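> need coordinates for the below:
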Amino acid sequence: MRHDRTVTTDQSSTGGRLRELAFLHEIAQLATQARDWDELMRTIVDRTTVAMDVAVCSFYLAERERTRLTLAATNGLDRSQVGKVSLAFGEGITGRVAATRKPIAVEDVTVDERFAWVRGFDIEALAGMLSVPLVWHGEVVGVLNVQTRDRRHFEPDEIDFLQTIAALLAGIVEKGRLTAEVEARLAQLTALDAARSELLSVVTHELRTPLSIVRVYVDLLAEVAGGEALPDGASADAWRSAALDQLGRLDRLVDSILASARGEGLTGLSRTPFDAVTAVDETVETLRLLLRPHPIRWSRPDGPQGAIGDETRFRQVLEQLLENESKYAASADGVSIGVWHLEDEIQVYVTDDGPGVPVEDWESVFEPFVRIEGRGRSRGSGIGLFAARRLMSAMGGRVFLEANGYGGSRFVVALPAD
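Below is the predicted model of the structure:
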């Protein structure tokens, strides 16, 4: 009989070891199959609860500075506290385990002064507790706790088993965290590179309008130099002065490009009051020669319309829209410009007599490098309207398309009213 009992005990021990090995294999598989970190942690604490025959399992993750632990996963306790409950190294049983790197087993935490009660998280119905450290390459990366409702003396083989789970979990946790950090950094660098390219596209596209204006003045001056008469009211000196003004603007735009390359981007746009009517009036006059094939319908309101934004950039957006008209509207088409106060915005519209942009393309034209073909129109290089939206957004405004009431469409730029 004694021999039979020994065989039975050995068989039971062997069966237990096999179950433990199967569990550890399952955990290793989970590390490669889980869809995300949260799912992996939840699954591990759930399976550990069953494997250890306990009521609660909780996992605390050590911060990089190795001074505090933060709850990363739990079952049996309030899961809404994940990411909120935090203990210092050395604080409570969990903190002591992290500080000493040694497991602590307690039969009844209600009578153990080392236990740190966390109000709103810990519950009085729990008694037994086993806490083990997660150590990876000599560093504590976390602490794994299991708790029972009744008093419990944890046997050495139970402590060894939870330590084995913790050792496996330590590698999973640290490698997972390193991977997440690398991916986050890569995403950050990718986003930064994309943003810088985007900003450079926006700012460099602004060079086109002053270059177009300078080209017009150079052509006119060349015609006069060739012996053609000046139009009534025109002055070669005035043309030269206007061209020099645009060259000065080009110089300022180069500074903007350099600021963008340094990472300053569009953060320097001001949000100050200015008169939108004056801004439109002066922009139309600046581009009048560029628009000369088109009849211009600009009815200047009698009074000012106060807007809040960056006046210089606002004018650049208007110039972009008007330059589009000069390039893509048929020469016989008139160009209409208007400004009004609508609710809490000052809105300025630009339209022509053509068919406009199809309704289904009203949003896509503002995407980078998108051109709308058809109806005899092509929307340029595909960056101008994207640049206009970026500029308006950066100063707290917006730009959009809407029906003009005559079968076409019109661009509208809007800023908060002063």
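> ok, then the element right after the worst-scoring helix or strand of the chain on mean pLDDT?
Within the chain, no helix or strand scores below helix 2-33, which has a mean of 55 by mean pLDDT, DSSP states H and E. Moving toward the C-terminus from helix 2-33, the next helix or strand (DSSP states H and E) is helix 37-52.
> and the very next helix or strand once past that next one, which strands flank it?
Counting by DSSP H and E, the next helix or strand C-terminal to helix 37-52 is strand 56-62. Using DSSP bridges, strand 56-62 pairs in its sheet with strand 68-75 (antiparallel), strand 139-147 (antiparallel).
> which of those strands sits most buried?
With neighbours defined by mean count of other Cβ atoms under 10 Å, none of the strands paired with strand 56-62 is more surrounded on average than strand 139-147, at a mean of 24. C-betas here are computed from N, CA, C, even on glycine.
> dump that one to PDB, keeping only the CA atoms.
Taking Å, rounded to 0.1, in the frame of the first residue of the first chain, the C-alpha atoms of strand 139-147 are listed here in PDB:
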ATOM      1  CA  GLU A 139      16.000  45.200 -14.000                       C
ATOM      2  CA  VAL A 140      12.600  45.000 -12.400                       C
ATOM      3  CA  VAL A 141      10.000  45.500 -15.200                       C
ATOM      4  CA  GLY A 142       6.900  44.700 -13.200                       C
ATOM      5  CA  VAL A 143       5.200  42.800 -10.400                       C
ATOM      6  CA  LEU A 144       2.600  40.000 -10.700                       C
ATOM      7  CA  ASN A 145       0.100  39.500  -7.800                       C
ATOM      8  CA  VAL A 146      -2.500  36.800  -7.100                       C
ATOM      9  CA  GLN A 147      -5.000  37.000  -4.300                       C
END
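> sec struct for the residue nearest to S299 when sequence neighbours are not counted, please.
Using Cβ to Cβ, 6 or more residues apart in numbering and skipping the chain neighbours, the partner closest in space to S299 is G338 (6.8 Å). The three-state label given to G338 by DSSP: H, G, I helix; E, B strand; the rest coil is strand.
> quick one on the thing from earlier: is it possible to get JSON lines of the strands paired with strand 56-62 that adds mean pLDDT and distance to D46?
Converted to JSON lines, those look like this (pLDDT from 0 to 100; distance: least, Cβ to Cβ, whole Å):
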{"stretch": "strand 68-75", "mean pLDDT": "92", "distance to D46": "6"}
{"stretch": "strand 139-147", "mean pLDDT": "93", "distance to D46": "12"}
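> hmm, the residue nearest to S299 is touching L318, no?
No: taking contacts as Cβ atoms under 8 Å, G338 lies outside contact range of L318: 12.0 Å.
> list residues touching both of those two?
V348 (Cβ atoms under 8 Å, 6 or more residues apart in numbering).
> of the two, which one has the most company?
L318 (25 against 17; other Cβ atoms under 10 Å).
> wasn't the more buried one part of a helix?
Yes: judged by three-state DSSP, L318 forms part of a helix.
> please list all residues in contact with the closest residue to it other than its chain neighbours.
Counting by Cβ to Cβ, 6+ apart, L318 lies nearest to T283, which is 4.7 Å off, once chain neighbours are set aside. For T283, the contacting residues are R315, L318, E319, L322, by Cβ under 8 Å, 6+ apart.
> in this protein, which spans are helices?
Along the chain, the segments classed as helices by DSSP state H run 2-33, 37-52, 92-100, 156-205, 208-225, 236-261, 276-287, 311-328, 384-394.
> which of these has the lowest mean pLDDT?
Of all the helices of the chain, helix 2-33 carries the lowest average pLDDT, namely a mean of 55.
> just give me the neighbour total for P103.
18.
> same check, this time on L211
As a burial measure, L211 scores 15 neighbours (other Cβ under 10 Å).
> next one: A116
If you count neighbours by other Cβ under 10 Å, A116 ends up with 15.
> look up how far F386 lies from it.
The gap separating A116 from F386 is 55 Å, by Cβ to Cβ, to the nearest Å.
> what is the closest residue to L69 other than its chain neighbours paired to in the beta sheet?
Spatially, and ignoring its direct neighbours in sequence, L69 is nearest to Y60 (4.0 Å; Cβ to Cβ, 6+ apart). In this structure, Y60 bridges to L71, V143 when assessed by DSSP bridges.
> thought Y60 was touching T74?
No: Y60 is beyond contact range of T74, at 9.2 Å (criterion: Cβ under 8 Å).
> on that earlier part again, next, count neighbours for the residue nearest to L69.
Neighbour count for Y60, taken as other Cβ under 10 Å: 26.
> which residues touch it?
Contacts of Y60 (Cβ under 8 Å, 6+ apart): L69, T70, L71, A72, L87, T94, A98, G142, V143, L144, N145.
> make it 10 Å
The contact partners of Y60, taken as Cβ atoms under 10 Å, 6 or more residues apart in numbering, are 68-74, 85-87, 94-95, 97-98, 131, 133-134, 141-145.
> I figured F366 hits Q320, correct?
No: contact between F366 and Q320 fails when scored by Cβ atoms under 10 Å: they sit 11.9 Å apart.
> find residues that contact each of those two.
Both F366 and Q320 are contacted by G384, L385, A387, A388, V399, under the criterion Cβ under 10 Å, 6+ apart.
> highest neighbour count among the residues you listed?
Of the shared contacts of F366 and Q320, with other Cβ under 10 Å as the count, L385 tops at 27 neighbours.
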